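In: Here's my sequence, what's the structure:
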Amino acid sequence: MSHNHNHSHDHHHHPVEGKNLLFSIVLNIVITVAQVIGGILSGSLALLSDALHNFSDVLSLVFSYVAHKLSRKKASNDQTFGYKRAELIAAFINAMTLIIVALFLVYGAVERFFNPQHIESGLVIWMSIIGIVANGLSVVMLKSDADKNLNMKSAYLHLFTDMMASIAVLIGGLLMKYFQWFWVDSLLTLIIAIYLIIVGFDLLKKSTQMLMLFTPSHLDINEIISEVHKISGVRKLHHIHLWYLNEEELHLEAHLDCSEDIKMSEFNELLDKVEHVLFEKFHINHINIQPEYKKEEESKDFIVQD
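Out: Numbering: from 1, shown residues only. Model prediction:
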């Protein structure tokens, strides 16, 4: 069996420092505590919902930081893939947390809508300003890392949406202060909750697909087969499995039935051509091919349940 990681074709891995992420975690813990205290004192459910959102993002940042550290650990005899899938587990847990928090917020917002309460809008305004400034600082700090690493990009997007949520709370606080529209608090809570559900389900779907080793949704196996079959010397590509190990490593495992009984040195040349096509056209950077020639099998379907 020929097994090539195609390192010369791998995506370039840029060094990413975790210190900015760690600082953002500490900063967001401070924001969350301040917003919880402010939400309780002011009676603002929107501020409390933003605090819960921030807390869920603190967990997300912690998971991202831990995954960032684990991903650097080398593979061993006991962990042949290392800890490269730690980020997917973190994403799955983060998604579930987002959805659960959102459902609690929906319940609280509906209950508050029918039983409105007076809210200290001044405190809401100041707390939201603190959230905007602190989250904005975190966003600026992680921007450069977000351009280099998908894990950092997910953390960056969480912080960016936190900043936007704080802006929404600020607008609500101003409307309550000058127009006495206290129902806006419940409305903003519902909007934040709906957003969390949408983001949570999308993240849950993507992480589940990767954990279950599903074929990436943007790739068509039939198209991959068609391109490989155009290569001279290839008779049939079959027994195909295609999956993401993590967000950066896309793996393909298959049997390759050669059209002629060639030497292994000639197969290496054929494999180089296959690897080139798979990477250039489909960005598949880890390829595991088993060579065959007129091997009799019960089935040579493209997809086979092993």
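In: Only C-alpha atoms from now on, for both contacts and neighbour counts.
Out: Will do.
In: Can you classify the residue at the greatest distance from the centre of the chain by secondary structure?
Out: Computed with C-alpha atoms, centre = their mean, the residue of the chain farthest from its C-alpha average is Asp261, at 44.5 Å. Under DSSP: H, G, I helix; E, B strand; the rest coil, the three-state class of Asp261 is coil.
In: mind listing what it touches?
Out: Tyr293 (C-alpha atoms under 8 Å, 6 or more residues apart in numbering).
In: how far away is it from Ile224?
Out: Separation of Asp261 from Ile224 (C-alpha to C-alpha, to the nearest Å) stands at 24 Å.
In: for His238, same thing?
Out: Taking C-alpha to C-alpha, one finds His238 at 11 Å from Ile224.
In: Kindly report the same for Ser24.
Out: Ser24 is 42 Å from Ile224, by C-alpha to C-alpha.
In: The two: which is more packed in?
Out: Between Ser24 and Ile224, counted using other C-alpha atoms under 10 Å, the more crowded position is Ser24 (25 against 15).
In: List the contacts of the nearest residue to that one once chain neighbours are set aside.
Out: Spatial nearest neighbour of Ser24, chain neighbours left out: Ser138 (5.4 Å); criterion: C-alpha to C-alpha, 6 or more residues apart in numbering. By C-alpha under 8 Å, 6+ apart, the contact set of Ser138 is Asn20, Ser24, Leu27, Tyr156, Leu159.
In: got a markdown table for the residues you listed, with pLDDT and secondary structure too?
Out: Converted to a markdown table, the contacts of Ser138 look like this (pLDDT from 0 to 100; DSSP: H, G, I helix; E, B strand; the rest coil):
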| residue | pLDDT | secondary structure |
| --- | --- | --- |
| Asn20 | 76 | helix |
| Ser24 | 82 | helix |
| Leu27 | 84 | helix |
| Tyr156 | 78 | helix |
| Leu159 | 79 | helix |
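In: Distance to Pro216 added to the residues you listed, as CSV?
Out: Shown next, in CSV, are the contacts of Ser138 (distance: C-alpha to C-alpha, whole Å):
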residue, distance to Pro216
Asn20, 31
Ser24, 31
Leu27, 36
Tyr156, 24
Leu159, 27
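In: now, the most widely separated pair of the residues you listed?
Out: Leu27 and Tyr156 (13.7 Å; C-alpha to C-alpha).
In: where along this protein do the strands fall?
Out: With strands called from DSSP state E, the chain shows them at 2-4, 234-244, 250-258, 286-292.
In: how far does stretch 191-203 sit from the chain's center?
Out: Chain-centre distance of stretch 191-203: 14 Å, with C-alpha atoms, centre = their mean, to the nearest Å.
In: for this structure, which spans come out with low pLDDT?
Out: 1-18, 46, 50, 53, 116-119, 148-151, 297-299, 304-306 (pLDDT under 70).
In: Quickly list the domain ranges of it.
Out: In terms of domains, the chain is parsed into 2-211, 221-292 (source: automatic domain parsing).
In: what's the neighbour count on the closest residue to Val274 other than its chain neighbours?
Out: Distance criterion C-alpha to C-alpha, 6+ apart; nearest residue to Val274, sequence neighbours excluded, is Val228 at 6.3 Å. By other C-alpha under 10 Å, 20 other residues sit near Val228.
In: again, but for Glu269
Out: Residues near Glu269, counting by other C-alpha under 10 Å, number 10.
In: quick one: contacts for Val36?
Out: Val36 neighbours (C-alpha under 8 Å, 6+ apart): Leu47, Leu48, Ala51.
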